[in-house]
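> Provided below for reference: sequence and predicted model.
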Amino acid sequence: MTAQFPKVLAVLAAAAPAGPLSAQQLYLDDAAACDRVLMSEDGMLDYAAEGGLILDSNGFNSMEYFCSFQPPIRFGQRAYSATDHAGRCELPGPQYFPQLFTIVMDPEEPGTVSIWMGEPEPLRFFACSS
C-alpha cells in the first residue's frame, strides 16, 4: 500500500455519504461513469480504484494519483473564467511533481471543468447529476 493511499481514502470518505451518492459537487473525468458511481455505496472508491479521476475544489485524484492546488476552484461561476493555480501531483513512491494548473470554466460548456497542465489538450471533468 502506498503512502498516499490513506490520504486518498480520507478524501473519498469525506466526500461519500452513507448510501448512494448525492451529486452535489461531484465531478468525474468520464461523464458516462456518473450513473454507476452515483448508484453505488462504493461507487467513488471503485471508480478511483479503476484509475478514474475525481475532482473537488482542492484537486483531483484516483487511487494511485493525486494532484492538489491552491487557491481552490470556485464552482458554479456563471461567466467565463480562466484561473491559474499552483500545486503538485503525487505518484506512488512517493514521487512529487510541481505543477501549474490553468482551470477554465465556460458557460457555453455547462458542467464542464477543463484543466490545462501543459499538454496539447486539457483534462476535462464533468458534473454528475442524479
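In hand now; what should we look at?
> Spatially central residue in this protein, please.
Nearest to the centroid of the C-alpha atoms of the chain, with distances taken as C-alpha atoms, centre = their mean, sits residue 55, at 1.4 Å.
> is it true that that residue touches residue 125?
Yes: counting by C-beta atoms under 8 Å, residue 55 does reach residue 125; the two are 4.2 Å apart. All C-beta spots, glycine's among them, are computed from the backbone N, C-alpha and C.
> State the next helix or strand along the chain beyond the helix or strand of the chain with the lowest mean pLDDT.
Least confident helix or strand, the chain: helix 5-15 with a mean of 45, by mean pLDDT, DSSP states H and E. Under the assignment DSSP states H and E, the closest C-terminal helix or strand after helix 5-15 is strand 27-28.
> which residues touch the residue nearest to the centre of the chain?
27-29, 73, 113, 115, 125 (C-beta atoms under 8 Å, 6 or more residues apart in numbering).
> burial count for residue 41?
The tally of other residues near residue 41 (other C-beta atoms under 10 Å) stands at 13.
> Distance of it relative to residue 48?
14 Å (C-beta to C-beta, to the nearest Å).
> repeat for residue 79
In terms of C-beta to C-beta, residue 79 sits 32 Å off from residue 48.
> For those two, work out which one has more neighbours and name it.
Regarding residue 79 and residue 48, a neighbour count based on other C-beta under 10 Å identifies residue 48 as having more, with 23 against 7.
> List the contacts of residue 125.
27-29, 53, 55, 60, 112-115.
> what sits up against stretch 64-80?
With C-beta under 8 Å, 6+ apart as the criterion, stretch 64-80 contacts 2, 4, 7-8, 25, 51, 53, 55, 57-61, 81, 83, 85-92, 99, 101, 103-107, 113.
> Keep only those of the residues you listed that are in strands.
Under the assignment DSSP state E, these contribute 55, 59-61, 81, 83, 85-91, 99, 101, 103-105, 113 to strands.
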